[in-house]
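Peer 1: Okay, structure incoming, though there's no sequence with it:
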């Protein structure tokens, strides 16, 4: 072993200068260098000068409790703070409120693939409704142009740019948050900044999120978006009808996602993407009401969910327009609610 | 207590003392750290759009480095196990360097996680609502910080005992050493579980990733130690026991072999099956639909790892030069394999089949370099303090004197921490 | 050494303070991003409006019902091919190519069912149901068509659009739509132009199964993207 790891040259004696720097004088001389280093440290932080008041959390914002821990007074204070901030940022007077889930309601979306023409109106109506950043662009809905004969989403095209749609060799599949009953995004969040509400909508407390983007990695539907920059939204485009858990303006560094327009839907309205759809491909409603449009669709149409194999149990269904079978008395055959049976 | 503060003060002063090479090295690391800090300040102002990350590829270089460094931290166990379980005398003196490396690596890990956060100002939310045990990230927070504390305690206790010239009480550190063995395995396993538990990312959704992580970590960590010990041996008065290097080389070789084997297993499954689950792997190795940004990376990694393996099993690496070359190749190879080769491809294509590629920006790269420099700075300081303390030249009753005779301290288990024959000055 | 270090710190500090180029974030301007999406592009509500029940049009400054003219002219059994009136109507309703299949021959302000009974224009859905039974059944349940206002039938705010509020009864198929702009993701780049091959006919045109093969090669994605231009 003697030849192993032999030193190539004899070892140079180290610390030759006797005493080496531990004398007080030389230590002080070293101090000049240390002070210089401190100066460089401070200078390195100098870009922070550009942080303005909007970027820094206010004291109230910093101390604000988690959504689920706020009582009425806390919420009122939080809403007031948001109102002031929006007023300052966009010079408008918004109506910000906290809309709670209704009892006996579980929202479900159904999308008719036989009808969708891929016009992307839903994408842009959603942006207008939900105050997403225009730059960098954030959109909750992605419309995928799929070649006929496959459901392999990897073969789809997100960037189609045709003069007119639909193209006869393709069908169109819009994807947005599926509001899963077993949501992987909620499971992975380390601080419970995102959770599932009683009516099935998965929401984010934008004031709680730390922006680790683990949920974005976990979502099999690519439904979550991150604010990589301070969201840019022209004043005249702000939708003043806002809710705490949905479309109030977000800040840099937090996640956001589709909430089925809960500020509209929890008050009985329809989501913006549905109302704009020119061909009526989008259906929305309460799955607990057996007479609702979506209940009928789930019972009678050829319904499927995207990526059923990942076990997310989505509340977003795709269907085709085949007519449902009836028995001799005109009664619908096969009244199975797929969502209920999954659980 | 006052004595402890004086100990810290003396350590602080010692860390500024060294020859011109030491000063230049420390100056360089400090300068790069500051560049990184400056880049991070810019990122705080402009947001994470200063990085190459997008909604499509939402984790990049930061998380890649994090993953690699968790491995470096865990690798300390590769020195602890031979010494404390198999009573390997050769490695005994070097255990402390492994543990110190673990401390520095964990600090870097925490830094990489912090720079990846969109809202670091809300860090305290972790204390207020902690989604334990559901979120694997909370497990990671616990095991990483726990591991940091364990190693800080073990190293700090041993060094302080040497400083006080007293024999370390076995009860105060041996149990912690054994806890740390299990804990080291757990940090890298939990980090692997972060990724493998996501059903929506088939590239990660593979049980072999945790063992792969451990194998690659147990190759890269000791390889880093070999290189740093070479530097110690070359540029300081400290003589590294040669038998220990040989043992480390064996550890690295076996770990790298296992790592390559596991990788081959994974590659076989994906390509032979040729199902749509293999699409990210296909992108990584051969490109996809005309996109192939990662192809040069992964083949570089394969080449480096393969080359390192050939060198390591050959007698050439009985020489420092070849051994260093093999170790450096391996470190870079594993870094690519676990970073650009494991984190990024899972995002390509997106779960909806879109392809957006990832390339780190300058600002992002500077932040990474800064954290690396800061970590190396810490490690250098730790080593700088440890050597004189353990060789008895810096003790409670005597300020640092590099020319003093060596008065080695007894470690609790009877072996000398730095045996007289080895540490000369 | 110390002097060199001190100089390094000062140099770094100066660079941090004055030399920084910024972080190099370039973004599309808001106008660039939203180009092409006007409020009317995302207007909600019915695609078409109807003329009322009975339909009324203004001719020569006077509001007129169908019967106002048709009272003067006897209706022929068969629509003559050289008809000069209603030329703006393009009848493209498949096999349903006779006016009286839907319009009442005797009362022009009404529509007619199979059994000869009359229905008003406001109730045109009933008329459609005489052929489109399955679609009508879906529509009744809200599975076809469009519901505005509310998902909650008990709210009283629910508005269900009728057939003719989306479909032109004379040419019920939708015209092609103009697609609104696609995503402009920050990191997206079109596929590498070097991938794949030139303009010769693809084997895909010869055998449809070819689409499923070669699913990961360069050409397919580029053609998919370029083919849409």
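Peer 2: Okay, I see it. Here the structure is a predicted model, which is why all the values come from computation and not from measurement.
Peer 1: Report pLDDT for residue A:14.
Peer 2: Note for residue A:14: predicted pLDDT of 46.
Peer 1: so where's chain C uncertain?
Peer 2: Along chain C, segments meeting pLDDT under 70 span C:20-36, C:192-229.
Peer 1: Which parts of it are helices?
Peer 2: Remark: helices assigned in chain C by DSSP state H are C:2-14, C:30-34, C:66-70, C:124-129, C:133-140, C:163-166, C:218-226.
Peer 1: can you put those helices in CSV and add distance to chain A and mean neighbour count?
Peer 2: The way it works is simple: take the backbone N, C-alpha and C, and place the C-beta from them, glycine included. Listed next are the helices of chain C as CSV, based on distance: least, CB to the nearest CB, whole Å; neighbours: other CB atoms under 10 Å in any protein chain shown:
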stretch, distance to chain A, mean neighbour count
helix C:2-14, 4, 17
helix C:30-34, 5, 15
helix C:66-70, 29, 16
helix C:124-129, 14, 19
helix C:133-140, 4, 17
helix C:163-166, 7, 20
helix C:218-226, 5, 20
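Peer 1: Name the spans of the chain whose pLDDT lies under the cut-off.
Peer 2: Since no chain was named, I'll use chain A. Filtered on pLDDT under 70, chain A yields the residue ranges A:1-4, A:6-30, A:52-55, A:322-343.
Peer 1: Hmm, no, I was thinking of chain B.
Peer 2: For chain B, the ranges with pLDDT under 70 are B:399, B:401-425.
Peer 1: For chain A, what's the nearest residue on it?
Peer 2: Relative to chain A, the nearest point of chain B is residue B:118 (2.0 Å; CB to the nearest CB).
Peer 1: so what's that residue up against?
Peer 2: Going by CB atoms under 8 Å, 6 or more residues apart in numbering or on different chains, residue B:118 touches A:209-213, A:226-227, A:252-255, B:47-48.
Peer 1: Can you tell me how far it is from chain C?
Peer 2: To chain C, residue B:118 is 15 Å away according to CB to the nearest CB, to the nearest Å.
Peer 1: helix, strand or coil for that residue?
Peer 2: coil (DSSP: H, G, I helix; E, B strand; the rest coil).
Peer 1: Can you identify each of the helices in the stretch 201-350 of chain B by residue range?
Peer 2: Ranges of helices within the stretch 201-350 of chain B are B:209-235, B:242-273, B:279-286, B:295-313, B:320-338, based on DSSP state H, counting those that start in this stretch.
Peer 1: Now the shortest one: buried residues?
Peer 2: Applying a neighbour-count criterion of 16 or more other CB atoms under 10 Å in any protein chain shown, one finds B:279-285 buried in helix B:279-286.
Peer 1: Equivalent analysis for stretch B:352-360, please.
Peer 2: B:352-358, B:360.
Peer 1: Can you tell me the centre-most residue of chain B?
Peer 2: Taking CA atoms, centre = their mean, the centroid of chain B lies closest to residue B:72, which sits 2.4 Å from it.
Peer 1: Quick check: chain neighbours aside, which residue is closest to the residue nearest the centre of chain C?
Peer 2: By CA atoms, centre = their mean, the mean C-alpha position of chain C lies nearest to residue C:177, the distance being 4.5 Å. Counting by CB to CB, 6 or more residues apart in numbering or on different chains, residue A:119 is the residue found nearest to residue C:177 once chain neighbours are left out, at 4.2 Å.
Peer 1: by contact count, what packs against the helix or strand harbouring residue A:296?
Peer 2: In this assignment (DSSP states H and E), residue A:296 forms part of helix A:293-300. Packing partners of helix A:293-300 (3 or more CB pairs under 8 Å, 6 or more residues apart in numbering or on different chains; DSSP states H and E): strand A:107-112, strand A:282-286, strand A:316-320.
Peer 1: got the helices of chain C as CSV, with distance to residue A:314 columns?
Peer 2: Below are the helices of chain C laid out as CSV (distance: least, CB to CB, whole Å):
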stretch, distance to residue A:314
helix C:2-14, 53
helix C:30-34, 30
helix C:66-70, 50
helix C:124-129, 33
helix C:133-140, 23
helix C:163-166, 28
helix C:218-226, 26
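Peer 1: Between these, which one is closest to chain B.
Peer 2: Per CB to the nearest CB, nearest to chain B of the helices of chain C: helix C:218-226, 3.1 Å.
Peer 1: Spell out whether the helix or strand hosting residue B:68 and chain C are in contact.
Peer 2: According to DSSP H and E, residue B:68 maps onto helix B:61-74. No. Using CB under 8 Å from any CB of the partner chain, we find that helix B:61-74 stays clear of chain C, coming within 13.9 Å at best.
Peer 1: between that helix and helix B:209-235, how big is the angle?
Peer 2: 70 degrees (axes from the mean of the first three to the mean of the last three CA atoms, to 10 degrees).
Peer 1: What are the neighbouring residues in contact with the residue lying closest to residue B:41 once chain neighbours are set aside?
Peer 2: Counting by CB to CB, 6+ apart, residue B:41 lies nearest to residue A:47, which is 4.2 Å off, once chain neighbours are set aside. Listed by CB under 8 Å, 6+ apart, the contact partners of residue A:47 are B:38, B:41-42, B:44-45, C:16, C:20.
Peer 1: Of those residues, which is the nearest to residue B:98?
Peer 2: residue B:38 (32.2 Å; CB to CB).
Peer 1: picking up where we left off before, remind me what the helix holding residue B:68 packs against, helices and strands.
Peer 2: For helix B:61-74, the contact count by 3+ CB pairs under 8 Å, 6+ apart identifies helix B:95-116, helix B:136-164, helix B:170-196, helix B:209-235, helix B:320-338, helix B:362-390 as packing neighbours.
Peer 1: Tell me the first helix or strand C-terminal of it.
Peer 2: Proceeding N to C from helix B:61-74, the next assigned helix or strand is helix B:77-80, under DSSP H and E.
Peer 1: What lies in contact with that next one?
Peer 2: Helix B:77-80 is contacted from outside by B:91, B:94-95, B:97-99, B:177, B:180-181, B:184-185, B:218, B:221-222, B:225, B:248, B:251, B:255, using CB under 8 Å, 6+ apart.
Peer 1: if we can go back for a sec, take the helices and strands packed on helix B:61-74 and lay them out in JSON lines including mean neighbour count.
Peer 2: JSON lines is the format used below for these (neighbours: other CB atoms under 10 Å in any protein chain shown):
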{"stretch": "helix B:95-116", "mean neighbour count": "24"}
{"stretch": "helix B:136-164", "mean neighbour count": "20"}
{"stretch": "helix B:170-196", "mean neighbour count": "19"}
{"stretch": "helix B:209-235", "mean neighbour count": "23"}
{"stretch": "helix B:320-338", "mean neighbour count": "22"}
{"stretch": "helix B:362-390", "mean neighbour count": "22"}
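Peer 1: what's the closest of those to chain C?
Peer 2: Using CB to the nearest CB, the helices and strands packed on helix B:61-74 put helix B:362-390 closest to chain C, at 4.6 Å.
Peer 1: Just want the angle from that closest one to helix B:61-74.
Peer 2: 20 degrees.
Peer 1: between helix B:362-390 and helix B:136-164, what angle do the directions make?
Peer 2: 30 degrees.
Peer 1: for helix B:362-390, packing partners?
Peer 2: Using 3+ CB pairs under 8 Å, 6+ apart, the elements in contact with helix B:362-390 are helix B:2-14, helix B:20-46, helix B:61-74, helix B:95-116, helix B:136-164, helix B:209-235.
Peer 1: ok, and does the fifth one reach over to chain A?
Peer 2: Think helix B:136-164. Yes. Applying CB under 8 Å from any CB, one finds helix B:136-164 touching chain A at B:136-138, B:141.
Peer 1: Return the list of helices and strands in contact with that helix.
Peer 2: Counting contacts by 3+ CB pairs under 8 Å, 6+ apart, helix B:136-164 is packed against helix B:2-14, helix B:61-74, helix B:95-116, helix B:170-196, helix B:362-390.
Peer 1: Out of these, which is closest to residue B:339?
Peer 2: With CB to CB as the criterion, residue B:339 lies closest to helix B:61-74 of the helices and strands packed on helix B:136-164, at 2.9 Å.
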